[in-house]
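Q: Would you be able to build a 3D model of this:
(one chain, ligands or ions: 1)
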Amino acid sequence: MKKILLLLIALFVFVDTNAQSRSTQIYENGLVVSAEVYASEAGKQILQQGGNAIDAAVAVQFALAVTLPRAGNIGGGGFMVIHLTDGTKAALDYREKAPQQASRNMYIRNGEFKPELSWEGILSVGVPGTVDGMVTALERYGRMPLELVLQPAIDLAKNGYYLSYSQARALNNRSETFQKYKGSKKYFTRQNGIPFKEGDLFVQEDLGETLEQIARYGRDGFYAGPVADAIVKEMKQNGGLITHSDLRNYRSKWRAPVIAQFQNYELIMMPPPSSGSIAITQILDMMDDYALSELGHNSADYVHLMSESMRRAFADRSYYLGDPDFYDVPKQGLLDPKYNHARMIDFSMDTVTRSSTLSYGEFSNNYESHETTHFSVIDKEGNSVAVTTTLNGSFGSHVAVSDAGFLLNNEMDDFSAQPGVPNSYGLIGGEANAIEPGKRMLSSMTPTIVTKNGKAQMILGAAGGPRIITATLQSFLNMAVFGMNAQEAIAANRVHHQWLPDVLYYENYGLSPDTIRLLEAKGHTLKETSIGRGHIIYIDAEGNKSSGVDPRGDGHASGY
Ligand code: GLY
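A: Okay, the predicted model is just below:
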């Protein structure tokens with residue numbers, strides 16, 4: 001009976017997902033948009049029980065750890081940006097940290113750099129920050145007790161949920177890798193060898209128990225006690241570095257948000273170790289001298305101007321950005337409009353500036369993974385939260401903690417393990433982002449809240465490695481400059497440039513053949529790919545909310 005009931009709910013929500021993702025339905029009260037239907041529903045449930053946007057965001061984060069194992073997590077980290085109706089603006093950094101035993105030579109074997117050790121397996125794992133982040137956010141801004149906001153996630157883990165087509169496929173695609181790790185084999189493959197399929201009930205007993213530990217003991221339910229013991233045991237058995245002391249000492253951190261102005265909009269964004277806020281501010285400054293709406297959305301000139309601005313911002317990212325607790329990130333210089341306008345002095349509308357001739361600027365003083373995930377929440381009072389959270393690659397390190405039921409991140413790859421050598425995203429990093437014990441690795445995650453006249457108007461962000469930055473930028477410009485609604489803005493085809501490799505990426509059918517020819521004539525090398533996966537909430541002047549659910553994924557809007 002229970003199974004039939006769950007199946008009916010699943011059928012309802014799947015049908016509903018398709019309807020929502022194409023609609024511009026208006027919600028008067030609260031709204032949650034995330035990568036996955038059960039998680040959005042968990043957030044809505046908390047809002048309807050009287051929780052505020054922070055309570056709901058914490059519920060969504062924990063629910064995603066159950067229902068989106070490839071990116072949602074308790075074994076990873078993330079960033080949360082908050083805007084409250086009383087004007088409060090806050091940014092919480094719960095990014096992972098390098099363990100105390102980490103060193104810049106940790107991926108060297110017989111004198112040779114082995115980047116694959118930072119892509120998969122036990123040495124790729126950073127000290128997880130998510131649980132501390134959720135407890136910290138709830139303590140400062142939430143209204144509900146932790147056990148209440150955790151309940152939907154606990155129920156989803158213990159009773160199970162029905163796998164979507166893409167989730168079953170994602171698990172099956174990684175089956176061979178999961179076989180290598182005892183915990184992952186147990187949790188994420190079928191003992192009988194039969195592949196997962198859409199509609200399978202997926203139960204995670206051990207994860208449910210871990211979540212209950214957190215509900216009962218707060219951060220100590222994860223960073224101490226049996227869960228911490230299980231993490232350290234996993235490390236010891238497999239040659240990993242994380243110790244009890246790394247776990248005990250992990251703390252998330254409130255940081256002053258980066259605030260950028262563009263026309264009448266104020267963008268509230270995550271500061272370093274996110275690189276997104278600085279890059280977006282730079283790109284907007286670089287594009288600001290041009291009448292963007294007259295260039296036309298995705299015209300050759302618009303794409304050229306935007307990609308040349310991206311090229312310059314990513315060159316700066318590679319040199320200047322890292323963990324501000326370890327390296328004096330020259331934020332003021334990078335955010336100075338004069339500096340950014342000067343960066344465009346050699347820009348020509350007719351021809352590219354080759355990346356080989358372009359480096360970071362000076363002022364006074366790969367492979368693509370989508371498996372980060374973004375969600376946006378607003379409550380009926382108008383408090384808003386933007387969260388981007390990740391294990392880094394799809395299923396992170398692929399190592400699940402035996403007996404505790406969750407996957408660990410492979411976030412160590414976001415350091416420039418060898419300054420000057422590209423990471424798995426093809427990103428080049430410098431000394432600012434070199435590995436040091438206790439340091440946070442640079443991130444592209446860019447949760448953003450855009451206000452107008454002091455009120456939240458857009459809550460947005462994306463998944464997709466470095467493409468997070470350019471996807472979030474284009475979603476914003478699509479609404480702010482081209483007047484698209486949230487759904488049109490998120491669905492519109494995107495482009496991406498990250499300095500190196502010197503390639504202008506575009507999406508399938510995203511540029512017409514004659515636009516491509518015009519861009520090639522300017523000197524661009526173009527390559528087709530998919531660019532990011534984001535979610536948007538848009539709030540109109542009357543306070544009505546609508547959603548932008550990315551058609552590139554399984555996202556879902558749950559509102560009331
Ligand atoms: N791991 C993806 C990011 O933080 O940018």
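Q: tell me the helices in the stretch 101-250 of the chain, going along the chain?
A: 130-141, 146-159, 165-173, 175-178, 182-188, 205-217, 220-223, 225-238, 244-249 (DSSP state H, counting those that start in this stretch).
Q: and of those helices, who's closest to the ligand?
A: helix 130-141 (12.8 Å; Cβ to the nearest ligand atom). Glycine gets a C-beta too; all of them are placed from N, C-alpha and C.
Q: anything in that closest one near the ligand?
A: No: Helix 130-141 is not in contact with the ligand by Cβ under 6 Å from any ligand atom; minimum separation 12.8 Å.
Q: for that helix, packing partners?
A: helix 53-67, strand 77-83, strand 89-94, helix 146-159, helix 220-223 (3 or more Cβ pairs under 8 Å, 6 or more residues apart in numbering; DSSP states H and E).
Q: Pick the most buried one from those.
A: helix 53-67 (a mean of 31; mean count of other Cβ atoms under 10 Å).
Q: hmm, back to that, let's have the helices and strands packed on helix 130-141 in a markdown table, adding mean pLDDT.
A: Output for the helices and strands packed on helix 130-141, formatted as a markdown table (pLDDT from 0 to 100):
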| stretch | mean pLDDT |
| --- | --- |
| helix 53-67 | 98 |
| strand 77-83 | 98 |
| strand 89-94 | 98 |
| helix 146-159 | 98 |
| helix 220-223 | 98 |
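Q: Using TSV, please lay out these together with distance to the ligand.
A: Converted to TSV, the helices and strands packed on helix 130-141 look like this (distance: least, Cβ to the nearest ligand atom, whole Å):
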stretch	distance to the ligand
helix 53-67	15
strand 77-83	8
strand 89-94	11
helix 146-159	22
helix 220-223	20
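Q: In JSON lines, list these along with distance to Asn298.
A: Formatted as JSON lines, those follow (distance: least, Cβ to Cβ, whole Å):
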{"stretch": "helix 53-67", "distance to Asn298": "31"}
{"stretch": "strand 77-83", "distance to Asn298": "28"}
{"stretch": "strand 89-94", "distance to Asn298": "31"}
{"stretch": "helix 146-159", "distance to Asn298": "39"}
{"stretch": "helix 220-223", "distance to Asn298": "45"}
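Q: Where does the stretch 1-150 of the chain get nearest to the ligand, residue-wise?
A: Arg95 (7.5 Å).
Q: Can you get me a residue count around Val33?
A: 33 (other Cβ atoms under 10 Å).
Q: Likewise for Leu518?
A: Leu518: 17 neighbours (other Cβ under 10 Å).
Q: Only alpha carbons, please: show the helix or strand harbouring it as CSV.
A: Leu518 belongs to helix 513-521 when assigned by DSSP states H and E. C-alpha atoms of helix 513-521 as CSV (Å, rounded to 0.1, in the frame of the first residue of the first chain):
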residue,chain,number,x,y,z
PRO,A,513,25.2,29.2,-38.8
ASP,A,514,25.7,32.8,-40.0
THR,A,515,26.4,34.0,-36.5
ILE,A,516,29.0,31.3,-36.2
ARG,A,517,30.6,32.4,-39.5
LEU,A,518,30.7,36.0,-38.3
LEU,A,519,32.4,34.9,-35.0
GLU,A,520,34.9,32.7,-36.9
ALA,A,521,35.7,35.7,-39.1
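Q: Show me what that helix is in contact with.
A: Asn298, Ser299, Ala300, Val303, His304, Leu504, Tyr506, Leu511, Leu526 (Cβ atoms under 8 Å, 6 or more residues apart in numbering).
Q: What's the separation between the closest residue to the second one other than its chain neighbours and Thr529?
A: Spatially, and ignoring its direct neighbours in sequence, Ser299 is nearest to Thr515 (6.9 Å; Cβ to Cβ, 6 or more residues apart in numbering). According to Cβ to Cβ, to the nearest Å, Thr515 and Thr529 sit 16 Å apart.
Q: Can you give the distance from the helix holding Leu518 to the centre of its chain?
A: 32 Å (Cα atoms, centre = their mean, to the nearest Å).
Q: Return the set of buried residues in it.
A: Neighbour-count burial for helix 513-521, with 16 or more other Cβ atoms under 10 Å as criterion, is recorded at Thr515, Ile516, Leu518, Leu519.
Q: Turn those into a markdown table, columns for distance to Gly126 and pLDDT.
A: Below are these laid out as a markdown table (distance: Cβ to Cβ, whole Å; pLDDT from 0 to 100):
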| residue | distance to Gly126 | pLDDT |
| --- | --- | --- |
| Thr515 | 41 | 98 |
| Ile516 | 40 | 98 |
| Leu518 | 43 | 98 |
| Leu519 | 38 | 98 |
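Q: near the ligand at all, stretch 262-280?
A: No: using Cβ under 6 Å from any ligand atom, we find that stretch 262-280 stays clear of the ligand, coming within 7.8 Å at best.
Q: Now do the end-to-end distance for that stretch.
A: Using Cα to Cα, to the nearest Å, the end-to-end distance of stretch 262-280 comes to 11 Å.
Q: Show the average pLDDT along it.
A: Average pLDDT, stretch 262-280: 97.
Q: Which residues are in contact with the residue of the stretch 1-150 of the chain closest to the ligand?
A: So Arg95 contacts Gly77, Gly78, Phe79, Gly129, Pro273, Glu411, Arg440, Met441, Ser443 (Cβ under 8 Å, 6+ apart).
Q: Could you check how many residues crowd around Asp325?
A: Using other Cβ under 10 Å, the number of residues around Asp325 comes to 16.
Q: Where does it fall, secondary structure wise?
A: Using DSSP H and E, no helix or strand contains Asp325.
Q: Can you tell me how far it is from Thr388?
A: Taken as Cβ to Cβ, the span from Asp325 to Thr388 is 20 Å.
Q: now swap in Leu408 and tell me
A: From Leu408 to Thr388 the distance is 19 Å (Cβ to Cβ).
Q: going on from the longest strand along the chain, what's the next piece of helix or strand?
A: With secondary structure taken from DSSP state E, the chain has its longest strand at strand 455-463. As assigned by DSSP H and E, the chain's next helix or strand after strand 455-463 is helix 467-480.
Q: Okay, angle between that next one and strand 455-463 too, please.
A: Between helix 467-480 and strand 455-463, the angle comes out at 140 degrees (axes from the mean of the first three to the mean of the last three Cα atoms, to 10 degrees).
Q: before we move on, the earlier item: alpha carbons of the longest strand of the chain, as PDB, please.
A: C-alpha atoms of strand 455-463 as PDB (Å, rounded to 0.1, in the frame of the first residue of the first chain):
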ATOM      1  CA  LYS A 455      13.800  44.300  -2.600                       C
ATOM      2  CA  ALA A 456      14.900  40.900  -3.900                       C
ATOM      3  CA  GLN A 457      14.000  40.600  -7.600                       C
ATOM      4  CA  MET A 458      16.100  37.700  -8.800                       C
ATOM      5  CA  ILE A 459      17.500  34.700  -6.900                       C
ATOM      6  CA  LEU A 460      19.800  32.700  -9.200                       C
ATOM      7  CA  GLY A 461      22.900  30.600  -9.700                       C
ATOM      8  CA  ALA A 462      24.000  27.500 -11.600                       C
ATOM      9  CA  ALA A 463      26.000  24.300 -11.700                       C
END
